[in-house]
Each structure stands twice: as C-alpha cells, then as structure tokens.
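Q: sequence below, structure please.
(one chain, ligands or ions: 1)
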Amino acid sequence: MKLTRRSFIGTTAAATLAAPYVHAGGHGRPKVVVIGGGAGGATAARYIAKDSKGEIDVTLVEPSRSYYTCFFSNLYLGGFRSLDSIAHSYGTLASAYGINVVHDWAVGIDRDARTVTLAGGTSLNYDRLILSPGIDFVDGSVPGWDVSTQNAMPHAYKAGSQTELLKAQIEAMPQGGTFAMVAPPNPYRCPPGPYERVSMIAHKLKAENPTAKILIVDPKEKFSKQALFEEGWNTNYAGMIERIGPDFGADKVSVDAGAMTVTIDGNVEKVDVCNVIPAMKAGRICEIAGITEGNWAPVNGHTMQSRIDENIHVLGDASAQGDMPKSGFSANSQAKVAAMAVRGALTGSKVFPAKFSNTCWSLIDTDNGVKVGATYQATDEKIAKVDGFVSQTGEDAALRKATYEESIGWYSGITSDMFG
Ligand SMILES: Cc1cc2nc3c(=O)[nH]c(=O)nc-3n(C[C@H](O)[C@H](O)[C@H](O)COP(=O)(O)OP(=O)(O)OC[C@H]3O[C@@H](n4cnc5c(N)ncnc54)[C@H](O)[C@@H]3O)c2cc1C
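A: Numbering: from 1, shown residues only. The predicted structure is shown next:
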C-alpha cells in the first residue's frame, strides 16, 4: 500500500595462510587494541583472546562500564524488557579471557607510529588495531536538531539514558497527544529499527493512551519489511499511525525543539514527543584515524581490513563493506572474520574463507515477530549477498510466536558471544 500525506495506516576469495608476524619490537606478545566494546568490538576482543590462548595481548577501549544493547531497546520501550535486561558489563572479558579492559575514550590514532591516545592521556601501542565505534550523527542533517537538543528531542539510537528518556517522555504524553519520529535516510544502523520502534510505541500507547497519534516523517520512499509492518499496523493499531514520505515533503524537514514543532515542507506540526533519528556516519574516531571515504570506512571483506591502512580492521556500522545491513548480527559476524584474520597475521594460525550471515528480527505486537536475513561471502569488491529470506504477510500466529521466540534465543546467544 502506498501511503499518502494524510492516509492513516489502519487504514577471500581463497584464504591466505599468512606468515607468522614479527612485530615491531621483535619480543613480547603481539598487541591488538580494539576500540569500541559493542557488537563488533567485544566479539573481536573475545575471539582473539580466546582462540590465541594468550599468544596475543588484547586491550579493549570502551568508555562505558555498562553496554546497553540497541537490539531489544525497542522492546524496552514497548514494555517487553526491562532496562537491566539489556545491560551488559565487561567483567568476564577481563577475568575469564585476560583482556585488558580500559574504560576511556580513544581520541587520537598515529598510524605511522601505530599508537592510540586515550582521553586520559595514556598511549597504547598496537600491531593491529580494530575499530568498531558504531555511529555518530551527520551535523545539520535535520535542521534545528543537534546534540545540544537531544534531551528535548531524543534520538535513542545509542541505547541507555537516551532510551530511558524517550520512554519517560512517551509516558508523560497528554491523552490524545502526538508522538513524531523523524526517520533517517539510508544507510543507517538497523534498517527495520525505526519501524519496530513505532510498533512498540503503538503497543504501549494502545494500552495507556489509545487516542494518541504517531506521525512518521520519513525521507525514504520505502523501508525494510514494509509490507509486514504495514500489515501489522493495520491489524493491531488501526488509525493510530500516519507516515509521510518524500513525495509529500518528508525529505524537507526541520524541527524546533523549543516550540516542539516539526516543519514538513513548510507545514508546521505541533507535537508532544519528537524522536529525531538523524543521518548517520562512522563513529568519529574513524575520521580522526583518516580511514574514511565520505561518511564510512571502506574495508576489504576478506579480512575486514581498512582499504586505507592494512594494520587497521573496521567492523560493524562504521564500515563500508557491501551488501550487509548495519546490524548487531552483522557486526558480530564480521568480528569473527576479523579475529581469524588478525590471528593469522600475528601468529600464523590458519585462515579460512570469509563467510557472513545476518538476521534482523522485529516485534510488531505481543508474540508477533517477523524477520529478514541473508548469508554473504567476501569477494574482492565487497561483501556480497548469497541468498536471503523474509517473513511473509498473512503468516499464522503460531509461526509469528515461534519467530519471536527465536529472537529471544538469538539475543541470549549473541550477548554471550560478545561478553562471555
Ligand atoms: C533501536 C535499535 C534497534 C536495533 N535492533 C537490532 C536488532 O534487533 N538486531 C541487530 O542485529 N541489530 C540491531 N540494531 C543495530 C545494532 O545495535 C548495531 O548495528 C550494532 O550495535 C553495531 O555494532 P558496532 O560494534 O558497530 O557498534 P556499537 O555496538 O554501537 O558499539 C560501539 C561502541 O564503541 C564505543 N566507542 C565509540 N567511539 C569510541 C571511542 N572513540 N573510544 C572508545 N570507544 C568508543 C561506544 O561507546 C560503543 O560502546 C539496533 C539498533 C537500534 C538503534
């Protein structure tokens, strides 16, 4: 169904065997520094430490002591998960895997000297550097919004206090009020994420504030799992959700956080809560390292090595790798390929051809889960899709429940894979 301005919905190629690496000092263990302890970085650090059995010295740099997964943060908004249940600490990576976990920001990278500078002033040497810093926002992509207005108009696209704030604002909405989402342009982290979020907020509002409205202002013509979401919104949240696409000016949007307005192609809408999800780019440390082209850091899919510096591997959302969506599943899958390549380069261990997979589950309503996924392989040009699958409209309740349960199993599996 094409939605109009005012139509309510509900209306390696072959693996290479690298020669054992002789690192700069020629003595001691080779050193790997990982920047970012999220889906990509935590997985890579754990796999390198675990599989090298102490042969490689691994340091993980991450400012937060608790990592809140963006995955399942929408379920927290919908009331299906607690905030505590999506929080993870780094203790096991340090105690069981011997990883040197440093809670600080990386602020500088000297690629010639192979050193990382931390905000606290420490300097770390590396033989290989892994960057998995996730995303930052493109300045000025939504006029009127910048990080100084993120408390008035939260993005909640890095999970934690922003997600808590957004939920509190939704709970404080007046009866019959309006929640607006300014959706991001492609490419961005988690293609179905904004639309799962709309589903979860609709689920909450239906119970607590049933006359409230949801307005999606979307610069994209179409979006991930669109037919599945629209079917679910029609069935479960009839008349609550309106989506404005670019043909009705949603690519010309600005906000005023003081006045709580969203202006769409000159039309001013007063709203009660506004979730602005700006355009995205690689986490800033990639720019600082000088390994970006445009907004992202290009990599070789065989090893996830930067195409600009072979001593650096870039994982997850920050990388420009080809066909994989920017997701936690993708970052975790890429991390294992990079970990194997790094061990091969530094210790001479065997390296196999790179294979990847991804599935993105979304919850539309209670026990109503849908998914889209694919497998991928590395070519010299990019990570290329091999084959894929997607849930179908009209599936029965038992299948949707099984899909949701599968996502719960995936969540506990990936978080154990990341944090031990
Ligand atoms: C609402 C929402 C729902 C989602 N749902 C799903 C889902 O269901 N399934 C799925 O697979 N994916 C999902 N995702 C996407 C997923 O969260 C990301 O794709 C994934 O986290 C990317 O992993 P990453 O390692 O690239 O970045 P992140 O996991 O964001 O980790 C980056 C880490 O780097 C740290 N960092 C950044 N800069 C520095 C620096 N200079 N120094 C030190 N540390 C630094 C950050 O603190 C952060 O902890 C969702 C995302 C959102 C927003």
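Q: could you pull out the helices for the stretch 251-400 of the chain?
A: Using DSSP state H, counting those that start in this stretch, the helices of the stretch 251-400 of the chain run over residues 284-289, 328-347, 397-419.
Q: out of those helices, flag the one nearest Arg128.
A: Comparison of the helices of the stretch 251-400 of the chain against Arg128 by C-beta to C-beta identifies helix 328-347 as nearest, at 5.0 Å. For glycine as for every other residue, the C-beta is placed from the backbone atoms N, C-alpha and C.
Q: deepest of the helices of the stretch 251-400 of the chain, which one?
A: With neighbours taken as mean count of other C-beta atoms under 10 Å, the helices of the stretch 251-400 of the chain reach their highest mean count in helix 328-347, at a mean of 25.
Q: packing partners for that helix?
A: Packing partners of helix 328-347 (3 or more C-beta pairs under 8 Å, 6 or more residues apart in numbering; DSSP states H and E): helix 39-52, strand 128-131, strand 312-314, strand 355-365, helix 397-419.
Q: is any residue of the fourth one near the ligand?
A: Yes. Against the ligand, strand 355-365 shows contacts by C-beta under 6 Å from any ligand atom at 360-361.
Q: with the first one instead?
A: Yes. Among the residues of helix 39-52, 39-41 lie within reach of the ligand under C-beta under 6 Å from any ligand atom.
Q: now do the longest one
A: No. Using C-beta under 6 Å from any ligand atom, we find that helix 397-419 stays clear of the ligand, coming within 7.2 Å at best.
Q: residues in the stretch 201-350 of the chain within reach of the ligand, list them.
A: So the stretch 201-350 of the chain meets the ligand at 283, 285, 315-318, 326-329, 331 (C-beta under 6 Å from any ligand atom).
Q: quick one: mean pLDDT for the strand or helix carrying Lys204?
A: Using DSSP states H and E, Lys204 sits within helix 193-208. Mean per-residue pLDDT for helix 193-208: 98.
Q: repeat for stretch 102-120
A: For stretch 102-120, mean pLDDT rounds to 98.
Q: send me that stretch as CSV with only the CA atoms.
A: Provided in CSV are the C-alpha atoms of stretch 102-120 (Å, rounded to 0.1, in the frame of the first residue of the first chain):
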residue,chain,number,x,y,z
VAL,A,102,40.3,0.2,29.7
HIS,A,103,37.3,2.5,30.3
ASP,A,104,38.3,5.6,28.4
TRP,A,105,37.7,7.3,25.0
ALA,A,106,40.2,6.9,22.2
VAL,A,107,40.9,10.4,21.0
GLY,A,108,43.9,10.0,18.6
ILE,A,109,45.5,7.5,16.3
ASP,A,110,49.0,7.8,14.9
ARG,A,111,49.0,5.3,12.0
ASP,A,112,52.8,5.6,11.4
ALA,A,113,53.8,5.1,15.0
ARG,A,114,50.9,2.6,15.5
THR,A,115,49.7,4.2,18.7
VAL,A,116,46.3,5.1,20.1
THR,A,117,45.9,8.1,22.5
LEU,A,118,43.2,8.0,25.2
ALA,A,119,41.4,11.0,26.6
GLY,A,120,43.1,10.2,30.0
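Q: and for stretch 291-307, what's in contact with it?
A: The contact list for stretch 291-307, computed with C-beta atoms under 8 Å, 6 or more residues apart in numbering, reads 12-13, 131, 138, 187, 280-282, 286, 308-309, 312-315, 318-322, 334, 337-338, 341, 353-354, 356, 378-380, 382-384.
Q: tell me the buried residues in it?
A: Using 16 or more other C-beta atoms under 10 Å as the test for burial, stretch 291-307 gives 291-292, 295-306.
Q: so where is the stretch 101-250 of the chain shaky, pLDDT-wise?
A: The stretch 101-250 of the chain contains no residues with pLDDT under 70.
Q: which residue does it have closest to the ligand?
A: Gly134 (2.7 Å; C-beta to the nearest ligand atom).
Q: circling back to that earlier point, looking at the residues of helix 39-52 next to the ligand, which one is closest to Pro30?
A: Using C-beta to C-beta, these come closest to Pro30 at Gly41, 18.1 Å.
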